[in-house]
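Enquirer: Okay, here's the prediction I keep looking at, along with the sequence it came from:
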Amino acid sequence: MLSQYHRDICQRALESKFSSRALEIIIKANIAQDNLHGLVGHHEYHFDDNAFEAGYAYLEEQRNIILAVLSDGGNIVPARKAFGRLTHAVQDFYAHCNYLELWAQSFAEDELPPPHQVDALNQTIINHPDLRSGRIYFREVLAFIPFLRPFTRRILPADSHANMNIDYPERGAFFPYAIEAAVKRTLHEFELLSERILEIGDHIALKRFTDLSTSV
Ligand SMILES: [Zn+2]
């Protein structure tokens, strides 16, 4: 997904949960996942190339970093950066795999609910045997050059990232659904994490993380 959408999604999902300075750290770490280092050989950062298991392991790794930082009581910034990395991955999930397509299959074409009613956490679809994310082919690098994108899509297979992604509005009708699903999932990840923080610590630990006294 393009940076501006990651930023909007984080703001919509989390602006009432974190102080603006804490949220800014999260957003910067989220967007930094798309720098060159994060794009090459890190399919788990973006749920690319069918790296579902690696993606879920990466999410858990980030949660564990956050819990360790909070238990430790030291500098809080690494915990917020880890949450930024986690939110990037879950937001990309809906734009890089066929989750929304599988979800839409349970509705008649003219009865698809509006984007804000999308079910972002359907476990049957998350575990569906036909769930696939776009494969990264070497020729994919051409898609970095905007005017070559239509050409790149023609020369790449249907299961490529170039042909499967819903990263920006021109990619079609599912784009608003990808945004709404990502907002819901981001909020869900915050709630999940809050529960785990309260299990190991207390409201003070959560307050340190969010920089707000009433996040939950
Ligand atoms: Zn990404």
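Expert: Now that the structure is in, tell me what you want to look at.
Enquirer: Contact partners for the residue nearest to residue 78 when sequence neighbours are not counted?
Expert: With CB to CB, 6 or more residues apart in numbering as the measure, residue 69 is the residue that lies nearest to residue 78, at 5.3 Å, once sequence neighbours are left out. For glycine as for every other residue, the C-beta is placed from the backbone atoms N, C-alpha and C. By CB atoms under 8 Å, 6 or more residues apart in numbering, residue 69 lies in contact with 75, 76, 78, 79, 82.
Enquirer: Over to residue 56?
Expert: Neighbour list for residue 56: empty [criterion: CB under 8 Å, 6+ apart].
Enquirer: rewinding a little: can you flag the buried ones in the contacts of residue 69?
Expert: Buried residues within those, counting neighbours by 16 or more other CB atoms under 10 Å: 76, 78, 79, 82.
Enquirer: Tell me the one of the residues you listed nearest residue 118?
Expert: Distance to residue 118 across these (CB to CB) is lowest for residue 82, with 26.6 Å.
Enquirer: That closest one contacts residue 67, doesn't it?
Expert: No - if you go by CB atoms under 8 Å, residue 82 and residue 67 don't touch, sitting 9.6 Å apart.
Enquirer: In the longest helix anywhere in the chain, which residues are buried?
Expert: Criterion DSSP state H: the longest helix present in the chain is helix 175-200. Across helix 175-200, burial judged by 16+ other CB under 10 Å covers 175, 177-187, 189-190, 193-194, 197.
Enquirer: Lovely, talk soon.
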